[in-house]
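Q: missing the sequence, but the structure's below:
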């Protein structure tokens, strides 16, 4: 096996990993401050990708440019979903939350199907055909951009969580909500912002990957599944662990399709997940 | 009156925990609410801080009604609670805990001076600044909880069981610091199970039993009252 091919796959893995990390970080943040999981999480990334498709079809807009619309649009969508739906089940039975968010999955996926048909789609961006050479390696420009912007966004968000007042408020709510309230933190407001921020991250992930991932109306649930794996692998509620797990899963994904390929190759990330649960059930950085 | 609690009834679900409680705290005073486990002391504090809505009754701060405000607005007014069991953020270091204490609207521009002040009062916290709060000893945790409360620039400090689970020497140290604060003008409302410590430090006290106030008066009078002696002091 040629070392450059492995290196190539590694780069692809890092690119995928940056995106998996971003999607997972949204799940982790929402869980940290509400204790709840959103099963429709990945479907919002599908919405972002189809938004890019529509902007490309009607206005010939590059997906990278569309991200300037998709990110704020999904942030606002996130605020609305939180305010009108998610907020109402915060204190409800856990099964209510599952039902509500699974219901959202069906509504979003059916709406996408009605609007865009079941055809497989992708949207090229300005860097799609550009290749960068690093010695013997040749990297697609859109992969490199996805890795740099997606990975950069993950790192920036981690910095925000660790070093800023907003981050301290989020961590405070996740560690003791009543105590956070007694610090004068408006917990409802922070929950709403974080929920919307998690959805906005999907606006970014979606715009970055329109040329890399094939979109179809039912892709959301699979993305959610991957996000849940990243969330558990990182050590439930651990921000850094989520990012690390994202990269591990991305590399496993890329290596699996390179060395094994096909359906068997696609099983590699799940195999890694099962192995990790067997030997380190608390996750990569989770506490026992 | 700085704080005036009027006829508060509150509870959880169908259970009523406190019934028709009225009490008052004047500026600069140190007032204690004493009573055993389950008397409703913590519920009273949760109502004052807005974490629990009362069924009836009203609370006034400087003559303005607090009862309808959300908890974070009550904090912004300077009513700061140091909750029972410390409620620190265990996975954050000491400095992050303190910064969270000092982030409310009134306190945030004063953070550096407040830090200096609490480090003067509790020098051990400065040594532990980068240590996770969950790894501190019980006494250090109570100091941090109190310091976090002070960072908020309280106009009235609500202390919930400051002596709970602490060795006698540590209790003395904490109360020495509280004495200093009170002499500097800090208003303190405290709930305590430790009746001796309470009556030694506070000027006045209310006795809470089964959710109702059964006695009140100056600490001197209460300490000499036969009923208090029998029920709480074991003499």
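A: Received the coordinates, thanks. Remember, predicted model here, so these are calculated numbers, not experimental data. Numbers count the residues shown, from 1 in each chain, chains lettered A, B, ... in the order given.
Q: CA atoms for contacts and neighbours, from now on please.
A: Noted.
Q: check which residues of stretch B:63-79 are buried.
A: Neighbour-count burial for stretch B:63-79, with 16 or more other CA atoms under 10 Å in any protein chain shown as criterion, is recorded at B:66, B:67, B:70, B:71, B:72, B:73, B:74, B:75, B:76, B:77, B:78, B:79.
Q: how about the residues of chain B by chain A?
A: For chain B, the contact set with chain A under CA under 8 Å from any CA of the partner chain comprises B:49, B:51, B:71-76, B:80-81, B:83, B:87-91, B:96, B:100-104, B:152.
Q: ok, 10 Å please
A: B:46, B:49-51, B:70-83, B:86-92, B:96-105, B:148-149, B:151-152 (CA under 10 Å from any CA of the partner chain).
Q: strands along the chain, start to end?
A: Using chain A. In chain A, the strands defined using DSSP state E lie at A:131-134, A:137-140.
Q: my question was about chain B
A: B:3-12, B:15-25, B:30-34, B:56-61, B:64-65, B:79-82, B:156-160, B:188-192, B:204-209, B:212-218.
Q: how about the ones you listed in JSON lines, adding mean pLDDT?
A: Below are the strands of chain B laid out as JSON lines (pLDDT from 0 to 100):
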{"stretch": "strand B:3-12", "mean pLDDT": "95"}
{"stretch": "strand B:15-25", "mean pLDDT": "95"}
{"stretch": "strand B:30-34", "mean pLDDT": "95"}
{"stretch": "strand B:56-61", "mean pLDDT": "96"}
{"stretch": "strand B:64-65", "mean pLDDT": "94"}
{"stretch": "strand B:79-82", "mean pLDDT": "96"}
{"stretch": "strand B:156-160", "mean pLDDT": "96"}
{"stretch": "strand B:188-192", "mean pLDDT": "95"}
{"stretch": "strand B:204-209", "mean pLDDT": "93"}
{"stretch": "strand B:212-218", "mean pLDDT": "93"}
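Q: tabulate these (TSV), appending distance to residue A:246.
A: Shown next, in TSV, are the strands of chain B (distance: least, CA to CA, whole Å):
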stretch	distance to residue A:246
strand B:3-12	43
strand B:15-25	47
strand B:30-34	52
strand B:56-61	50
strand B:64-65	50
strand B:79-82	39
strand B:156-160	43
strand B:188-192	48
strand B:204-209	54
strand B:212-218	56
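Q: identify the residues contacting the residue nearest to residue A:187 when sequence neighbours are not counted.
A: In space, and not counting its chain neighbours, residue A:187 is closest to residue A:181: 6.4 Å by CA to CA, 6 or more residues apart in numbering or on different chains. Neighbouring residues of residue A:181 by CA atoms under 10 Å, 6 or more residues apart in numbering or on different chains: A:169, A:172-173, A:187-188, B:49-51, B:70-73, B:75.
Q: residue B:220: which of those residues is nearest?
A: residue B:49 (29.0 Å; CA to CA).
Q: for the nearest residue to that closest one once chain neighbours are set aside, what are its contacts?
A: Counting by CA to CA, 6+ apart, residue B:71 is the residue found nearest to residue B:49 once chain neighbours are left out, at 5.8 Å. Neighbouring residues of residue B:71 by CA under 10 Å, 6+ apart: A:178, A:181-187, B:46-52, B:79.
Q: any idea what the residue most central in space within chain B is bridged to?
A: Centroid-nearest residue in chain B: residue B:159, 1.4 Å away (criterion: CA atoms, centre = their mean). Applying DSSP bridges to residue B:159 gives these bridge partners: residue B:82, residue B:190.
Q: confirm for me that it is in contact with residue B:148.
A: No - with contact defined as CA atoms under 10 Å, residue B:159 does not reach residue B:148; the gap is 11.9 Å.
Q: list the residues that are in contact with both of these two.
A: B:80, B:81, B:82, B:86.
Q: which of those residues are buried?
A: Applying 16+ other CA under 10 Å to the shared contacts of residue B:159 and residue B:148 flags B:80, B:81, B:82, B:86 as buried.
Q: and of these, the nearest to residue A:98?
A: residue B:86 (34.0 Å).
Q: do a quick rundown of the helices in chain B.
A: B:41-48, B:71-76, B:94-101, B:111-121, B:123-127, B:138-151, B:168-183, B:195-201, B:219-224, B:226-228 (DSSP state H).
Q: may I see the ones you listed organised as CSV, with mean pLDDT and distance to residue A:253 added?
A: Conversion of those to CSV gives the following (pLDDT from 0 to 100; distance: least, CA to CA, whole Å):
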stretch, mean pLDDT, distance to residue A:253
helix B:41-48, 94, 50
helix B:71-76, 96, 46
helix B:94-101, 96, 38
helix B:111-121, 95, 48
helix B:123-127, 95, 46
helix B:138-151, 94, 45
helix B:168-183, 93, 56
helix B:195-201, 91, 64
helix B:219-224, 90, 71
helix B:226-228, 80, 72
